[in-house]
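1. below is the sequence, then the predicted model.
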Amino acid sequence: MEPLAQSLALSLLIPFAAIPLVILSSRMSKRAAESLAIAAGLITLGFTLTTAYFYYGELHERPYVIVDYTPYNYPFFQVPLFATKFLLDPLSILMAIIVSFISSLVLIYSKGYMHGDKRLIRYYVFLLLFTGGMLILVLGGNFYLLYIGWEIVGICSCMLIGHWYERPEASKAGIKAFITTRLGDVFFLAAICLIALHLGSLDFLYFAKHAHTLGALLTLILLLSFGGSIGKSAQLPLHVWLKAAMEGPTTVSCLLHSATMVKAGVYLIARLETLVFFYPRILGAEVVEATLLSQFFTVVALVGAITSFIAATMALVTFDLKAVLAFSTISQLGYMFSVLGLAGFIAEEWEAWYAGVFHLESHALFKALLFLCAGSVIHAVESRDMRHMGGLKKYMPITYVTMVVGALSLAGVPPFNGFFSKDLILEIASLSGQSVVSLLLTVTAFLTAAYAFRMIYLTFLAPESEQVKKHKPHESPVVMTGPLIILTLGAVLSGVIEEGLHPLKHLIAESYQIEHSHSGAFNILVPATSVALIALAFGIVYIVYFARKLPPESIVSHPAIKPIYTLLFNEYYFDYVYEQIIVRGFVKIVSTTAWYVEKALNLVQIGGSIALAKVLSTTAWYVEKALNLVQIGGSIALAKVLCAVSYVVDRSLDSLNYVIARGAVFLGNTIRRIHTGKLSSFMIYTFSGLIVLVIIVLLVIMGV
């Protein structure tokens with residue numbers, strides 16, 4: 001096996017292999033298990049970086065690397081759908097580095113943040129499984145492996161969000177995340193089935209080579225895949241689960257938002273665009289024209305832009321520190337989707353694709369930093385409400401400085417990384433000709449700066465709250481502040497390095513064999529507008545919060561503003577509509593239907609069997625009368641024979657009546673037992689049916 005294949009295999013296997021070791025070592029010492037989990041994260045990072053090094057060394061020979069671990073001597077794996085292939089290219093390598101880097105920092109940080117937790121081993125097990133699942137997702141070379149990773153991170157997110165499941169809010173949040181993302185997963189699974197049925201292979205490169213043969217079906221496949229991305233990446237209208245997910249540990253929120261589950265949807269769309277735009281050119285196949293996919297790109301761009309704007313407005317009014325960051329994540333993911341959608345509206349689509357991937361990298365760093373800073377604050381104050389904070393600057397100087405850097409990056413202030421990636425997106429939007437999208441993204445940039453500055457003021461610079469005076473907070477230990485400093489350096493340096501040296505851009509251009517490096521001349525208007533909007537946002541926040549010349553209480557109580565504030569504070573009533581109208585309405589329909597079904601079964605069981613018995617007994621009576629007539633008018637011998645026959649028929653009918661009646665009772669009881677009302681039972685039936693469906697599809701594909 002080549003060194004590259006060895007390092008890749010180890011980076012994929014170590015998170016999974018460490019899980020039983022962590023469980024076993026916990027029987028001796030929880031500290032040993034904790035150290036083992038951290039070591040596994042660091043070793044995974046090391047092998048991921050080694051894989052990236054070997055990949056870069058082979059880049060001059062081949063633009064991408066396929067590593068095939070498929071054991072072809074086993075019949076199951078001889079089916080093309082289940083090949084165990086991994087694709088190494090700039091996108092997968094970048095994502096793998098982000099996942100392993102941030103997960104290793106989260107594991108280290110957890111040593112301080114989760115200290116004393118009674119389910120610590122369970123936490124580390126699911127964190128390692130989360131990391132391993134995401135690595136499979138981003139490195140997999142086919143839709144089969146991608147979907148396996150997709151489902152692993154889905155179930156892990158549910159378990160980690162509900163880590164403190166003794167609290168009803170946490171338990172409900174985990175279930176809410178699982179069910180909401182399942183809705184999107186149905187669309188993605190449908191897209192995978194269409195690919196398998198029409199191409200007979202789930203391999204990425206095979207899909208890229210034959211995508212042009214799908215015609216209009218390609219648009220449907222892409223739109224269905226985007227439906228899956230909407231669920232995983234919390235875009236409208238399936239965004240409601242992400243704020244609820246804040247009930248989990250802040251370390252989970254950090255990994256979830258910056259490197260794993262919510263980035264999976266963005267990765268999926270970015271990957272599909274490489275298969276439609278880049279790989280056909282590399283493989284010498286026919287390239288699909290972007291204009292033929294205009295519906296897909298329009299939907300992605302608009303959904304992303306609208307989500308970005310709406311989430312930013314909600315972040316502007318909430319007082320929950322983690323909710324601000326959750327809405328911020330939804331908004332920034334909308335930015336990424338929007339620019340990926342704009343790839344269909346500019347001359348060189350790869351510029352928009354690069355902008356989306358660049359912002360994905362920037363966001364991973366500053367959002368991980370912000371969440372870990374929030375964890376440090378919450379750990380000290382024991383509250384998520386920013387009204388219970390204030391004055392923390394003097395108590396937590398390291399957390400303060402690092403969180404300010406994260407907030408400035410989020411706001412897009414130069415020279416932090418968020419400035420370069422966000423402004424590149426705004427520049428692409430201005431070049432695309434999509435005025436609605438461009439306007440929404442520009443307004444969102446202003447709102448982002450406003451809520452970022454508001455968050456810093458309320459948390460660190462406002463007058464001390466009673467909660468702060470009561471707890472006398474102090475700076476977090478080194479095991480928690482160390483990752484903050486590392487991420488701060490990343491937020492400061494990554495944007496400057498990329499803007500100055502373009503390492504990611506050059507790697508993408510070389511790997512995907514792209515000749516041009518820029519779609520047009522530098523537009524000074526975009527960064528100038530961006531800086532002006534940031535200055536305006538800071539000025540408004542200063543007047544409202546710092547100087548209190550226009551206190552926020554007087555603003556929100558104004559008759560013209562109060563309805564808007566109420567709408568935003570209640571998050572556009574999405575949760576109310578879903579829970580009180582749709583869910584309760586559905587439950588009412590189901591319960592009513594169940595009542596009628598129950599009544600019908602009872603009628604079948606009791607009334608039906610009685611009616612059937614009456615019919616059969618009436619029939620027997622007529623037969624008896626006929627026999628009597630025969631006995632009187634015919635021979636006695638014939639009468640005896642017919643009497644015997646009558647007896648047999650009568651007994652048979654009695655037996656049949658008994659069997660049918662018992663059968664009706666058995667059927668009613670069986671159906672009643674199946675209808676338990678338990679979610680776990682329904683899931684078993686659903687997945688059993690899905691397995692049968694998959695087997696049927698495979699048999700059809702293989703021509704059996």
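-> Looks like it arrived, so ask away. Numbers count the residues shown, from 1 in each chain.
2. quick one, domains of this protein?
-> Domain assignment for the chain by automatic domain parsing gives 304-569, 598-701.
3. with mean neighbour count as added columns, please give these in CSV.
-> From N, CA and C alone the C-beta is placed, and that goes for glycine too. Below are the domains of the chain laid out as CSV (neighbours: other C-beta atoms under 10 Å):
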stretch, mean neighbour count
domain 304-569, 20
domain 598-701, 13
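4. lowest mean pLDDT across those domains, which one is that?
-> Out of the domains of the chain, domain 598-701 stands lowest, with a mean of 61 (criterion: mean pLDDT).
5. excluding its backbone neighbours, what's nearest the residue most central in space within the chain?
-> In the chain, the centroid-proximal residue (C-alpha atoms, centre = their mean) is K232; its distance is 2.2 Å. With sequence-adjacent residues excluded and distances taken as C-beta to C-beta, 6 or more residues apart in numbering, K232 is closest to G265, at 3.9 Å.
6. quick one: pLDDT of that neighbour?
-> So G265 comes in at 93 (pLDDT).
7. now swap in the one 5 residues further on and tell me
-> Confidence at A270, expressed as pLDDT, is 95.
8. contacts only, for it.
-> 91, 340, 353, 356-357, 360 (C-beta atoms under 8 Å, 6 or more residues apart in numbering).
9. as JSON lines, the residues you listed with distance to E58 and secondary structure would be great.
-> Rendered in JSON lines, the data for the contacts of A270 read as follows (distance: C-beta to C-beta, whole Å; DSSP: H, G, I helix; E, B strand; the rest coil):
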{"residue": "L91", "distance to E58": "16", "secondary structure": "helix"}
{"residue": "L340", "distance to E58": "28", "secondary structure": "helix"}
{"residue": "W353", "distance to E58": "23", "secondary structure": "helix"}
{"residue": "G356", "distance to E58": "26", "secondary structure": "helix"}
{"residue": "V357", "distance to E58": "21", "secondary structure": "helix"}
{"residue": "L360", "distance to E58": "24", "secondary structure": "helix"}
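10. now those residues as a markdown table including distance to Y144?
-> Below are the contacts of A270 laid out as a markdown table (distance: C-beta to C-beta, whole Å):
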| residue | distance to Y144 |
| --- | --- |
| L91 | 18 |
| L340 | 23 |
| W353 | 24 |
| G356 | 25 |
| V357 | 24 |
| L360 | 24 |
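11. tell me the two of those that are most distant?
-> L91 and L340 (11.8 Å; C-beta to C-beta).
12. you'd agree the residue nearest to the centre of the chain is up against R182?
-> No - using C-beta atoms under 8 Å, K232 is not in contact with R182, being 10.4 Å away.
13. overlap of the contact sets of the two?
-> Contact criterion C-beta under 8 Å, 6+ apart; residues shared by K232 and R182: G154.
14. please enumerate the helices of the stretch 1-150 of the chain.
-> 3-25, 30-58, 90-113, 120-139, 143-161 (DSSP state H, counting those that start in this stretch).
15. K422 is nearest to which of those?
-> Judging those by C-beta to C-beta, what sits closest to K422 is helix 90-113, at 17.8 Å.
16. now that closest one, how far from the centre of its chain.
-> Relative to the centre of its chain, helix 90-113 is centred 17 Å away, using C-alpha atoms, centre = their mean, to the nearest Å.
17. check which helices and strands that helix is in contact with.
-> When contacts are defined as 3 or more C-beta pairs under 8 Å, 6 or more residues apart in numbering; DSSP states H and E, helix 90-113 sits against helix 30-58, helix 120-139, helix 250-258, helix 261-273, helix 349-381, helix 478-501, helix 503-511.
18. quick one: closest of those helices to K111.
-> Between those, helix 478-501 lies closest to K111; by C-beta to C-beta that is 4.9 Å.
19. report the inter-axis angle for the closest one versus helix 250-258.
-> 10 degrees (axes from the mean of the first three to the mean of the last three C-alpha atoms, to 10 degrees).
20. mind listing residues that contact helix 478-501?
-> With C-beta under 8 Å, 6+ apart, helix 478-501 has contacts from 105-106, 108-109, 111-113, 358, 361-362, 365-366, 368-369, 372-373, 375-376, 379, 398-399, 401-402, 405-406, 409, 415-421, 475, 503-505.
21. coming back round to it: would you convert the domains of the chain into TSV that also reports distance to L189?
-> Compiled in TSV, the domains of the chain are given as follows (distance: least, C-beta to C-beta, whole Å):
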stretch	distance to L189
domain 304-569	20
domain 598-701	8
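22. which among the ones you listed is found nearest to R62?
-> The nearest among the domains of the chain, by C-beta to C-beta, is domain 304-569 at 9.4 Å.
23. list the residues that contact A352.
-> So A352 contacts 339-340, 342-343, 346, 428, 432 (C-beta under 8 Å, 6+ apart).
24. what's the neighbour count on the residue nearest to K232?
-> Other residues near G265 come to 27 when the count uses other C-beta atoms under 10 Å.
25. now it: how far from L426?
-> G265 sits 22 Å away from L426, going by C-beta to C-beta, to the nearest Å.
26. could you do V22 as well?
-> Counting by C-beta to C-beta - V22 and L426 are separated by 45 Å.
27. how about M386?
-> Applying C-beta to C-beta to M386 and L426 gives a distance of 29 Å.
28. before we move on, what about F143?
-> Taking C-beta to C-beta, one finds F143 at 33 Å from L426.
29. list the contacts for S7?
-> 47, 50-51, 54.
30. now A18
-> A18 makes contacts with 36-37, 39-40, 128, as judged by C-beta under 8 Å, 6+ apart.
31. now T298
-> Applying C-beta under 8 Å, 6+ apart, the residues contacting T298 are 341, 344.
32. what's the angle from the host helix or strand of it to helix 349-381?
-> Assigned by DSSP states H and E, T298 belongs to helix 294-315. Angle, helix 294-315 to helix 349-381, by the same axes, to 10 degrees: 20 degrees.
33. looks like P237 contacts V577 (just checking).
-> No - contact criterion C-beta under 8 Å: P237 and V577 do not qualify, at 9.3 Å.
34. distance of the nearest residue to A264 once chain neighbours are set aside relative to E151?
-> Counting by C-beta to C-beta, 6+ apart, A264 lies nearest to K232, which is 4.8 Å off, once chain neighbours are set aside. According to C-beta to C-beta, K232 stands 11 Å off from E151.
35. which residues do these two both contact?
-> Joint contacts of K232 and E151 (C-beta under 8 Å, 6+ apart) are D185.
36. test my guess that the residue nearest to K232 contacts G227.
-> No - checked against C-beta under 8 Å, the pair G265 and G227 is beyond contact range at 9.9 Å.
37. can you work out which residues contact both of the two?
-> G184.
38. what's the burial count for the nearest residue to V125 once chain neighbours are set aside?
-> Excluding its sequence neighbours, the residue lying closest to V125 (C-beta to C-beta, 6+ apart) is I19, at 5.3 Å. I19 sits with 18 neighbouring residues when counted by other C-beta under 10 Å.
39. ok, now E571?
-> With other C-beta under 10 Å as criterion, E571 counts 20.
40. in contact with the residue nearest to it when sequence neighbours are not counted, which residues?
-> Ranked by C-beta to C-beta, 6+ apart and with sequence neighbours excluded, the top spatial neighbour of E571 is M314, at 5.3 Å. M314 sits next to 327, 568, 571-572 when contact means C-beta under 8 Å, 6+ apart.
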